[in-house]
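>>> predicted model, plus sequence, below.
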Amino acid sequence: MASSAPAPAPTLSCGGAHDAQAQLPHIVIFSFMAKGHTIPLTDLTHLLRRRQLATVTFLATPGNAAFVRAALAGADGVAIVELPFTDNLTYSGAPPRAECIEALDSLSSLPAFVESVAAAALTLADIPFPFNDPATTGSIREIDAKVGYAIANSPALIVNTFDAMEGHYIQHWNRPVGPRAWPVGPLCLARTAPEAHWHGDVVAKLIAGE
């Protein structure tokens, strides 16, 4: 979530630099637990910090935190927060203690892993009234409608792509669908440091079809 307050111009004074950081929008990121999803979001984080557009909190489970920290090495103004990941999920076929797709023993375990992650998200006991009351479904639908309206009336949508690759789709979205999409990719080019070793490992696995 980001505040709507505009970010101030950077300043070189000691106190002013801290104040400028404090007034930047704050963005919280939580990636689907697979490196192919996490890498573009860490690239986005580097881009946001290098251009001083926002401060960032990146959420990760304990099993993924080391990867996220390595990917965000050198990015100042980023907080990495670990979320406990329960080890007692018993969805049939899900390997125990697997916290990312790369930890699965085979692709056949993927559906069970996805179901396990979803099962860890929320339970009826965690939901406060009136959302846990079946009699309030009409009210919930009204809330859903308001959420959909808010999304449709958002000022913009950022997408990790670029016109040369998906220009026709971007144009289609911007004409009848909306909100306006701004292609900001490929975010992997946001890094100025040499490519990290894990990045090459992931690419090699993708090429090998793993």
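Perfect, thanks for sending it.

>>> and the spatially closest residue to residue 190 that is not a sequence neighbour, how many neighbours?
Using C-beta to C-beta, 6 or more residues apart in numbering and skipping the chain neighbours, the partner closest in space to residue 190 is residue 47 (3.9 Å). (Glycine included, C-beta is placed from N, CA and C.) A count of nearby residues for residue 47, using other C-beta atoms under 10 Å, gives 18.

>>> from now on call the first residue 55
OK, 55 is where the count begins now, so the last one is residue 101.

>>> which stretches of the protein aren't confidently modelled?
55-76, 139-157, 159-160, 169-178, 180-186, 188-194, 202, 205, 246-264 (pLDDT under 70).

>>> at 50 what do you get?
55-68 (pLDDT under 50).

>>> can you give me the helices for it?
Listed in chain order, the helices found in the chain under DSSP state H are 68-77, 89-104, 116-125, 164-173, 191-206, 217-226, 251-262.

>>> quick check: residue 117 vs residue 137, distance?
For residue 117, the distance to residue 137 equals 11 Å [C-beta to C-beta, to the nearest Å].

>>> same deal with residue 129?
When residue 129 is compared with residue 137 (using C-beta to C-beta), they lie 20 Å apart.

>>> again, but for residue 228
Residue 228 is 35 Å from residue 137, by C-beta to C-beta.

>>> the residue nearest to residue 244 contacts residue 242, correct?
No - judged on C-beta atoms under 8 Å, residue 101 makes no contact with residue 242 at a distance of 10.1 Å.

>>> follow-up on the earlier one: who's in contact with the residue nearest to residue 244?
Going by C-beta atoms under 8 Å, 6 or more residues apart in numbering, residue 101 touches 107, 238, 241, 244.

>>> wait, the last one touches residue 98, no?
Read that as residue 244. Yes - applying C-beta under 8 Å as the test, residue 244 and residue 98 come out as touching, 7.4 Å apart.

>>> now do the buried residues in stretch 124-138.
125-126, 129, 132, 134 (16 or more other C-beta atoms under 10 Å).

>>> I misspoke; the intended subject was stretch 115-126.
115, 117-119, 121-122, 125-126.

>>> what's the answer for stretch 231-243, then?
Buried, per 16+ other C-beta under 10 Å, within stretch 231-243: 235, 237, 239, 241-242.

>>> ok, residues contacting it?
Counting by C-beta under 8 Å, 6+ apart, 93-94, 97-98, 101, 205-217, 220, 224, 227-228, 253 sit against stretch 231-243.

>>> buried subset of those?
By 16+ other C-beta under 10 Å, these give 93-94, 97-98, 101, 215, 220, 224, 227, 253 as buried.

>>> of all the residues you listed, which comes closest to residue 201?
Of all these, residue 201 sits closest to residue 227, with 19.3 Å by C-beta to C-beta.
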